[in-house]
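> Output the structure for:
(one chain, ligands or ions: 1)
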Amino acid sequence: MAAVAASGGLCAARCSASGAQRAGSASRIDIRSLWSRVAGSAKHVGISGSGSNGCGSGSSGRRALSVACSAAPGFGAAGASEGTGPRVCILGGGFGGLYTAVKLESLIWPRGTKPRVTLIDQSDRFVFKPLLYELLSGAASEEEVAPPFAQLLAPYPVTFVQGRVASVQPEHATQDGGSTGGGTVVLADGGSVPYDWLVVSLGAETSTFGVPGVKESALPFATFQDAQRVNERLTLLEQRVEYPEVVVVGGGYAGVELAAVVAERLRGRARIKLITSTDDILPQSPQGNRETAKRALQDKGVSILTDAQVMELRRAGAPASSSGSGGEEASSSFSSGYSSGSGSSSGGGGGEDLAKRLVYLRDREGQQEILEADIVLWSAGQAPVTKAAAADAQRQIALPFGTNARGAMQTDATLRVLRHQRVFALGDVAVSAGGREQPPLPATAQVAFQQADYVAWNLWAAINNKPLLSFSYQHLGDMMSLGTTSGAVTLPIPVPPPLSAVVQSNGPLSQLLRVAGVKLSGSYGGSSDGVTLEGPLAAAVRRAAYLYRQPTLEQQLRVAGGWAQVGF
Ligand SMILES: Cc1cc2nc3c(=O)[nH]c(=O)nc-3n(C[C@H](O)[C@H](O)[C@H](O)COP(=O)(O)OP(=O)(O)OC[C@H]3O[C@@H](n4cnc5c(N)ncnc54)[C@H](O)[C@@H]3O)c2cc1C
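Model (predicted):
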């Protein structure tokens, strides 16, 4: 998907100009030893990922949290690491939230202003989503794709709290529905975390877009748990079904990459169909990536069905009424219906569910078609958590912040939430109203981690009464995986027409570049030329970029070590 490519980004430019650097190593040693003690006691607040934390629930949960926190060195009574600086609470530990936390720690703070940072996430792991496909191909380990927060944050004085955010209650409300001060984050188990400054980066979730039967009959692929479930299902099909039929819904990057990795894994032993409602796959991507992807899918035996709208999914043999309500649902409410384990193959009662799913399609002319599938993978799109969760009574998040029609939180150009002076939002959950003429930014890791630099910097500026910076997005290119040793990468590098002409002639230079997997052709975003890399070269560039983009140096070293063992 869109690139998480190497770039100095704002921080390299600005932070080094301000002399910013990581906390000194002497203090790190102290923090490490503090952390190991915290990690022990912090099990009380769920850091171990057990799900049942010492906070309990209801009002007693709130008390239990502060007891556990004050008992744990480093947590402090306020629920954050030691010091007297302002309390910054970050909701969501993905590309936006985790990278903001790490960046805050790398800045130099005037005496007394260094914030005590608390990061809250419902999961005990950060997920590097662009590498989720590698879990299906076995090209990367779980620790490389989804390292635990406790391990990632061990070198930093950041407090991690595992819990599901249920609501935010700001203090100092203004008449226009905004706020001027801090507030409290309330967790679903009743625990609470007070803040002086808040960062919201809760991401997006797979949406069913109201298609009936999706949540019962399809598997999403957007979280670590999703990848584990898909892996289990594929393993079952490999063992039990002679020639499984696979349907992947969604012709964007996620669907195409998923179809490619599944095709590679089931090579020659499955029938795979990729369905898109548009007239081509990857409609928003550079032409070079689209062409490379089409060739790769064809080579892998994936059939592409364009202009096909999924109207409904149904378990074979089930009456239409059992296909679900059709309400818009988020990925965590997918029940998928595919149960595993030993037992009958009828699909009911916890046995292995080998029953077919029926995919009801309709084309532009209204023609209908029904496909049979042993697994339906749903990559049709995502919605901000603020919108997706609203559809599920069990998981609703009460956030007092304005959202747009897509359910995304609205910020100004500095990524500060409209009308809330001490709240910032970034990543998939937010939309910036800043760039008047700019189209909305895509929901990508590339956008989220660039915004993280700005949010960290703007927190520094706001806390120290300095002017804030407007976010400026720099597109670094588009990358995609097309299997373990294949990919496509388009870099937005303008190619001078004379060079493009030489390369497109059939001369020795063009042949050499073609063999290497380099194409200087096509239009980048419809305007200027770009450079497309394909095949093994693109796969290697993609991996190198993701290595560079790991959230911490320690994780970079871990991932590099893992890849060195299995071969880059
Ligand atoms: C399969 C896949 C492949 C992708 N590939 C690419 C790619 O190649 N390049 C690219 O640029 N982008 C890619 N993306 C998109 C990219 O991953 C997202 O845009 C990026 O993760 C957004 O960052 P974020 O911080 O906004 O959200 P996330 O990274 O999703 O983080 C949100 C965090 O919030 C937590 N959370 C959510 N709700 C709650 C709650 N109520 N309480 C507590 N915690 C909560 C979640 O557990 C999660 O850790 C891909 C996405 C997917 C699904």
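
> Correct me if wrong, but Leu407 is in a helix.
Not quite, residue 407 is Gly, not Leu. No - judged by DSSP: H, G, I helix; E, B strand; the rest coil, Gly407 forms no part of a helix; its state is coil.

> what separates it from Val559, distance-wise?
As for Gly407, its distance to Val559 is 33 Å (criterion: CB to CB, to the nearest Å). Bear in mind the C-beta positions are built from the backbone N, C-alpha and C, glycine included.

> Where in the protein is the helix or strand with the lowest mean pLDDT?
helix 58-71 (a mean of 30; mean pLDDT, DSSP states H and E).

> What's the first helix or strand after it?
The helix or strand immediately downstream of helix 58-71 is strand 87-91, counting by DSSP states H and E.

> any bit of stretch 274-293 sitting next to the ligand?
No - using CB under 6 Å from any ligand atom, stretch 274-293 never reaches the ligand; the gap is at least 11.4 Å.

> give me every residue that touches the residue in the stretch 401-550 of the chain positioned nearest to the ligand.
Nearest to the ligand, among the residues of the stretch 401-550 of the chain, is Gly427, at 2.1 Å (CB to the nearest ligand atom). For Gly427, the contact set (CB atoms under 8 Å, 6 or more residues apart in numbering) comprises 92, 94-97, 201-203, 443, 447-448, 451.

> can you narrow those residues to ones near the ligand?
92, 94-97, 201-203, 443, 448.

> low-scoring stretches of the stretch 401-550 of the chain, by residue?
433-438, 500, 503-504, 520-529 (pLDDT under 70).

> Count the neighbours of the residue in the stretch 51-200 of the chain that the ligand sits nearest to for me.
When scored by CB to the nearest ligand atom, the stretch 51-200 of the chain has Gly94 as its residue closest to the ligand, at 1.9 Å. Residues near Gly94, counting by other CB atoms under 10 Å, number 26.

> try the one 3 residues further on
For Gly97, the tally of surrounding residues (other CB under 10 Å) stands at 27.

> Phi and psi next, for the residue located most distally from the centre of the chain.
Distance from the C-alpha centroid of the chain, by CA atoms, centre = their mean, peaks at Gly507 (42.8 Å). Gly507 adopts backbone torsions of phi -80, psi 180, taken as degrees, to the nearest 10.

> Ok, Asp374 next?
Residue torsions, per degrees, to the nearest 10, at Asp374 are phi -90, psi -20.

> Tell me who's in contact with it.
Here Asp374 is in contact with 237, 241, 244-246, 354, 356-357 (CB under 8 Å, 6+ apart).

> Quick check: the two most widely separated of those residues?
Distances among the contacts of Asp374 were taken as CB to CB; the most separated pair is Val246 and Leu354, at 13.8 Å.

> Between these two, tell me which one has more neighbours.
Shown here are Val246 and Leu354; by other CB under 10 Å, Val246 has more neighbours (23 against 16).

> Could you check how many residues crowd around the residue of the stretch 151-300 of the chain found nearest the ligand?
Residue nearest to the ligand within the stretch 151-300 of the chain: Gly203 (2.7 Å; CB to the nearest ligand atom). Neighbour count for Gly203, taken as other CB under 10 Å: 28.

> Can you pull the phi and psi angles for it?
phi 70, psi -160.

> Next: Val489.
phi -130, psi 120.

> So which of the contacts of Asp374 sits lowest on pLDDT?
Here the lowest pLDDT out of the contacts of Asp374 sits on Leu354, with 88.

> Please tell me how far that residue sits from Glu216.
For Leu354, the distance to Glu216 equals 16 Å [CB to CB].

> again, but for Arg295
35 Å.

> of the two, who's got more company?
Just comparing Arg295 and Glu216: by other CB under 10 Å the higher neighbour count belongs to Glu216, 22 against 15.

> Please identify which helix or strand holds that one.
Glu216 belongs to helix 214-217, assigned by DSSP H and E.

> which ones among the ones next to the ligand among the contacts of Gly427 are found in helices?
97, 448 (DSSP state H).

> Tell me the residues of this structure that contact the ligand?
1-2, 4, 92-97, 120-123, 129-130, 132, 164-165, 201-203, 221-222, 254, 385, 397, 427-429, 443-446, 448, 479.

> make it 5 Å
Within the chain, the residues that sit near the ligand (CB under 5 Å from any ligand atom) are 1-2, 4, 92-96, 121-123, 129-130, 132, 164-165, 201-203, 222, 254, 385, 427-428, 443-446, 448.

> Quick check: pLDDT value at the spatially closest residue to Gly317 that is not a sequence neighbour.
The shortest distance from Gly317 to any non-neighbouring residue, by CB to CB, 6 or more residues apart in numbering, is to Ala355 (6.8 Å). Ala355 is assigned 91 on the pLDDT scale.

> so Ala355 makes contact with Glu372?
No - with contact defined as CB atoms under 8 Å, Ala355 does not count as touching Glu372 (10.3 Å).

> can you list residues touching both of the two?
Ala316.

> out of these two, which sits in the more crowded spot?
For Ala355 versus Glu372, the count of surrounding residues by other CB under 10 Å is larger for Ala355: 18 against 12.

> Centre-most residue in this protein?
So for the chain, CA atoms, centre = their mean, it's Lys129, sitting 4.8 Å from the centre.

> What mean pLDDT does stretch 551-568 get?
86.

> my bad, should have said stretch 297-305
The model assigns stretch 297-305 a mean pLDDT of 97.

> Next, the distance between the ends of that stretch.
End-to-end distance for stretch 297-305: 12 Å, by CA to CA, to the nearest Å.

> And for stretch 495-508?
18 Å.

> Stretch 302-310 too?
End-to-end span of stretch 302-310 (CA to CA): 18 Å.

> buried set for that stretch?
302, 304-305, 307-308, 310 (16 or more other CB atoms under 10 Å).

> again with stretch 220-234
Residues of stretch 220-234 classed as buried under the neighbour-count rule (16+ other CB under 10 Å) are 220-227, 229-230, 233-234.

> Val256 is in what secondary structure piece?
Short version: Val256 belongs to helix 253-265, going by DSSP H and E.

> just checking, what packs against that helix?
Helices and strands touching helix 253-265, as assessed by 3 or more CB pairs under 8 Å, 6 or more residues apart in numbering; DSSP states H and E, comprise helix 133-137, strand 245-249, strand 271-275, helix 287-299, strand 302-305, strand 375-378, strand 478-481.
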